[in-house]
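Asker: Sequence below, structure please.
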Amino acid sequence: MPTFEVFPVTSATEQDMFVNVPWVVYSGDPNWVPPLRSDVAKQFKPENTFFQYGRLKQFIAISRGTAIGRIVAAVNDRLVEREGKAIGIFGFFECVDDIEVAKALFEAAENWLRSQGMTEVRGPIDLSTHNNCLFLVDGFDSPPMVMMPYNPAYYPTYLETLGWTKAKDAYAYDFPLDKPLSPEFEKGYRIACKSGVTFRPLRTKGEEFEQDCVSLYNLFNKAFANNWSSTPRTLEEFLDEARSLQDLVDPDVFPIAEYNGEMIGFWMGLPDYNIPLKYVNGKLNWIGILKFLWYRRQINQGRVIAICSLPEFQRKLVPLGLIYLGLQGGIKKGKPYKRAELSWVYEDNDRSRKLIEASGGKIYKTYRMYEKQL
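Answerer: Predicted coordinates:
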């Protein structure tokens, strides 16, 4: 007889159990950073804009009254329309080290996707690649940086055993900040300035912040419109995320490039807030806030989420100028940063990878997206 049961989430109690699964899976894992429970829970509330263009089903595996696994099967109609095929997604997967539990969860998700008319499935994608996505497949010896995934080493093995195949790999690059940049980057910055490009920090207060975020949104849509497996966000979705990060931004590691008053590039850096979040244990109540404020003083590294320049300004060496300013901002007097991570970059993004590697970045973590025919 099976020692567990898999079924859809239908009640508030089961929803709480769904959110709690990672605390069961990662118990004792020193590299795991607990997510904020409220951030996970809000993904499944009716006001989430995902439900305007998608649908989902949550499943949990229960054993002796404890949730030991979970998965979400979803259909993002924007992705189906963009790719022109009936492709579903899975996400939010967590599971104890038992392949039978994993198999049952994936079977439940796959059966639901078939019932929705899907013929393929891809993941992990937590509803959108703008959220958490990818499985870590190499580099388990250190915690993830802010807004990056982490998982047990057995997850990729389980997927491959269950018939999933690699769709695409992505890399995280390590940047030690104690090594000087090649002079070519400062030269690129000066050439960009002589070409009429101006640089400044992101503005983080009031209406100026909102204006910069609208410009960032428009630039994202121009520069990343063709990103694989990605779909555009609405301005509302983008601003909601930006506002949640507003108080966390360090303007010195978020330079903006402009030409004739229009934003044409940026280097998006964030301090690694996973360092204090590790001590919060998923709850930003008053105790959690106090812990966050106390341990944020330990932040000594940061993550570069994106380097962006419109194609027509790459010839003016704007990307080199942004890298120069971003790294210079990180090593300014009084800054705590010892290293940076640039993540993630798809394996076939040759242009970006060459630029990153020329600036001293070294691959130190590998992530993978998987696919399967239904």
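
Asker: Would you state the helices of the stretch 251-374 of the chain in chain order?
Answerer: 274-280, 286-295, 311-314, 318-330, 350-358 (DSSP state H, counting those that start in this stretch).

Asker: which strands and helices sit next to the first one?
Answerer: Contacting helix 274-280 under the criterion 3 or more Cβ pairs under 8 Å, 6 or more residues apart in numbering; DSSP states H and E are the following elements: helix 286-295. For every residue, glycine as well, the C-beta is placed using N, CA and C.

Asker: list the buried ones in the helix it packs on?
Answerer: Within helix 286-295, the residues that qualify as buried are 288, 291-292, 295, counting by 16 or more other Cβ atoms under 10 Å.

Asker: Okay, buried residues for the helix or strand hosting residue 21 please.
Answerer: Assessed by DSSP states H and E, residue 21 sits inside helix 12-25. Across helix 12-25, burial judged by 16+ other Cβ under 10 Å covers 14-15, 17-22, 24-25.

Asker: pretty sure residue 104 contacts residue 60?
Answerer: No. When contacts are counted by Cβ atoms under 8 Å, residue 104 is not listed as touching residue 60 (10.8 Å).

Asker: List of residues touching the next helix or strand after the helix holding residue 21?
Answerer: Elements were assigned by DSSP H and E; along the chain past helix 12-25, the next helix or strand is helix 37-42. Residues outside helix 37-42 that contact it (Cβ atoms under 8 Å, 6 or more residues apart in numbering) are 15, 19-20, 48, 92, 282-284.

Asker: For residue 255, state which of these is nearest.
Answerer: Distances from residue 255 to those, taken as Cβ to Cβ, are shortest for residue 284 (29.2 Å).

Asker: Not counting sequence-adjacent ones, nearest residue to the closest one?
Answerer: Nearest non-adjacent residue to residue 284, counting by Cβ to Cβ, 6 or more residues apart in numbering: residue 36, 6.2 Å away.

Asker: can you tell me which of the contacts of helix 37-42 lies nearest to residue 315?
Answerer: Distance ranking of the contacts of helix 37-42 against residue 315, using Cβ to Cβ, places residue 48 first at 40.9 Å.

Asker: any idea how far the closest residue to that closest one other than its chain neighbours is from residue 349?
Answerer: In space, and not counting its chain neighbours, residue 48 is closest to residue 42: 6.6 Å by Cβ to Cβ, 6+ apart. According to Cβ to Cβ, to the nearest Å, residue 42 and residue 349 sit 31 Å apart.

Asker: my read: residue 264 touches residue 315, true?
Answerer: No. Applying Cβ under 8 Å as the test, residue 264 and residue 315 come out as separate, 12.0 Å apart.
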